[in-house]
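Asks: Have a look at this prediction, sequence included:
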Amino acid sequence: MPARDTGGETQLSIAEGVLLGHAMAARVADGLGLRAFFIKGPASVMQGLRQPKTSVDIDVFVSPSSLEQMLQGLRGRGWRERPVDPDATTFPKHSVTLDHPEWPCCIDVHFRFPGMESPAADCFEVMWANTDYLELAGQEVRVPSPALGILVLALHALRSPQLPACRQELDFLAGFTERQSHAPAILEIATATGSLAALRPFLEDLLPETTELGWPQPSAEWRNRVMAREPGSARLIAIVQAPWHDKPKMLWRAVFPRPEVFLSGNIYADMSLLGRLLQHRDRWARFLRAVPRILRDLRHPGG
């Protein structure tokens, strides 16, 4: 879709914004002397790791120590951080999302990746060592090598393996991995980043039968991410697992969430008294509809 002219102002399409946003974010990082690379998105399609699709945001990865510098650089260009749920216990943070009033897409600045259990700084070094250059929007940017790209996409899909789109992506990645013989390289990166446990459902059947490997157990964070399939289930799991002295406060916040919870889903949410009451009603309706599935998942977390 080409850019649209609205009253003398040219408005970017989402596809154009995503491509140009990669170049813009790369220039910001380069100008600050930061190492940054881009995951998922159009680069993965160009590398053949994904079937053609239009990305709606930009995913840039920086080291944890560079996160604030990168955010400051983007703020200087008019980007602003979106509200987030303040509950970092239920939802451990791995990225910061920014938007811009003149851009049709968001930027997710990643500083860690769910499923990678090694220290975030160590993971970044391993990932950086497995990046290549690719030209996007007339500029060379860093992107994952095919093996790292497969690992990242597989971990992303394995968070919700019950969804048809995620199953389709995992099947596509498995076929690509077999054709290109990437399994040994993926295994090496997964071992170095501590992602063997999370990646096991994808990688195990792709390795040679002679491979002897002790698969570690997934972390509680990863198990909870995979188990939280329905609205409200992540909070319920966190409350069940929390120490008794933390449960009352967590229950209170679950029943009466802060405004940021609503704004994190929709920055244009109506925060008037009536608007918040309606959002509470809708939130509880979604939760009650999901209760039977939540209970089944809690009883059979692997199902």
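Replies: Yes, it's here. Numbering: from 1, shown residues only.
Asks: Show me the strands in the stretch 101-250 of the chain, by range?
Replies: Assigned by DSSP state E, counting those that start in this stretch, the stretch 101-250 of the chain shows strands spanning 106-110, 131-136, 139-144.
Asks: Residue 169: how many residues sit nearby?
Replies: 21 (other C-beta atoms under 10 Å). C-betas here are computed from N, CA, C, even on glycine.
Asks: I meant to write residue 160 there.
Replies: Counted with other C-beta under 10 Å, the neighbours of residue 160 add up to 14.
Asks: ditto for residue 227
Replies: Residue 227: 18 neighbours (other C-beta under 10 Å).
Asks: again, but for residue 78
Replies: 12.
Asks: do you know how far it is from residue 103?
Replies: The gap separating residue 78 from residue 103 is 9 Å, by C-beta to C-beta, to the nearest Å.
Asks: And for residue 61?
Replies: Look at residue 61 and residue 103: by C-beta to C-beta, they are 19 Å apart.
Asks: Residue 277 too?
Replies: Distance of residue 277 to residue 103, computed by C-beta to C-beta: 33 Å.
Asks: OK, contacts around residue 81?
Replies: Contacts for residue 81 (C-beta atoms under 8 Å, 6 or more residues apart in numbering) come out as 71, 75, 96, 97, 98.
Asks: follow-up on the earlier one: and the strands of the stretch 101-250 of the chain, which is most packed in?
Replies: Stretch with highest mean neighbour count among these: strand 106-110 (a mean of 22; mean count of other C-beta atoms under 10 Å).
Asks: In the sheet, which strands lie alongside it, parallel or antiparallel?
Replies: Strand 106-110 has its sheet partners listed here by DSSP bridges as strand 57-62 (parallel), strand 95-99 (antiparallel).
Asks: on that earlier part again, more neighbours, residue 277 and residue 103?
Replies: Neighbour totals were compared for residue 277 and residue 103, and residue 103 leads with 22 against 11 (other C-beta under 10 Å).
Asks: Is the more buried one in contact with residue 17, as I believe?
Replies: Yes. With contact defined as C-beta atoms under 8 Å, residue 103 counts as touching residue 17 (5.3 Å).
Asks: circling back to that earlier point, export the strands paired with strand 106-110 to a markdown table and append columns for mean neighbour count, mean pLDDT and distance to residue 47.
Replies: Converted to a markdown table, the strands paired with strand 106-110 look like this (neighbours: other C-beta atoms under 10 Å; pLDDT from 0 to 100; distance: least, C-beta to C-beta, whole Å):
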| stretch | mean neighbour count | mean pLDDT | distance to residue 47 |
| --- | --- | --- | --- |
| strand 57-62 | 24 | 97 | 14 |
| strand 95-99 | 18 | 94 | 21 |
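Asks: related to what we said a few turns ago, reformat the strands of the stretch 101-250 of the chain as TSV; add mean pLDDT and distance to residue 247.
Replies: Below are the strands of the stretch 101-250 of the chain laid out as TSV (pLDDT from 0 to 100; distance: least, C-beta to C-beta, whole Å):
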stretch	mean pLDDT	distance to residue 247
strand 106-110	97	31
strand 131-136	94	43
strand 139-144	94	41
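Asks: can I get these in TSV with distance to residue 190?
Replies: Listed next are these as TSV, based on distance: least, C-beta to C-beta, whole Å:
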stretch	distance to residue 190
strand 106-110	18
strand 131-136	16
strand 139-144	13
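Asks: Nearest approach to residue 245 belongs to which of the ones you listed?
Replies: Nearest to residue 245 among the strands of the stretch 101-250 of the chain is strand 106-110 (33.1 Å), distances taken as C-beta to C-beta.
Asks: What are the contacting residues of the closest one?
Replies: Identification of contacts with strand 106-110 by C-beta under 8 Å, 6+ apart yields 21, 25, 39, 56-62, 67, 70-71, 74, 79, 82, 94-99.
Asks: Repeat that for stretch 173-184.
Replies: Stretch 173-184 has contacts (C-beta under 8 Å, 6+ apart) with 48-49, 146-147, 150, 153-154, 157, 186, 202-203, 205-208.
Asks: I'd like the mean pLDDT over the longest helix along the chain, please.
Replies: Across the chain, the longest stretch assigned as helix under DSSP state H is helix 273-299. Mean pLDDT, computed over helix 273-299, is 72.
Asks: so what does it touch, helix or strand wise?
Replies: helix 233-241, helix 259-265 (3 or more C-beta pairs under 8 Å, 6 or more residues apart in numbering; DSSP states H and E).
Asks: where's it relative to the chain centroid, distance-wise?
Replies: Put simply, helix 273-299 sits 23 Å off its chain's centre (C-alpha atoms, centre = their mean, to the nearest Å).
Asks: do stretch 63-77 as well
Replies: With C-alpha atoms, centre = their mean as the basis, stretch 63-77 stands 18 Å off its chain's centre.
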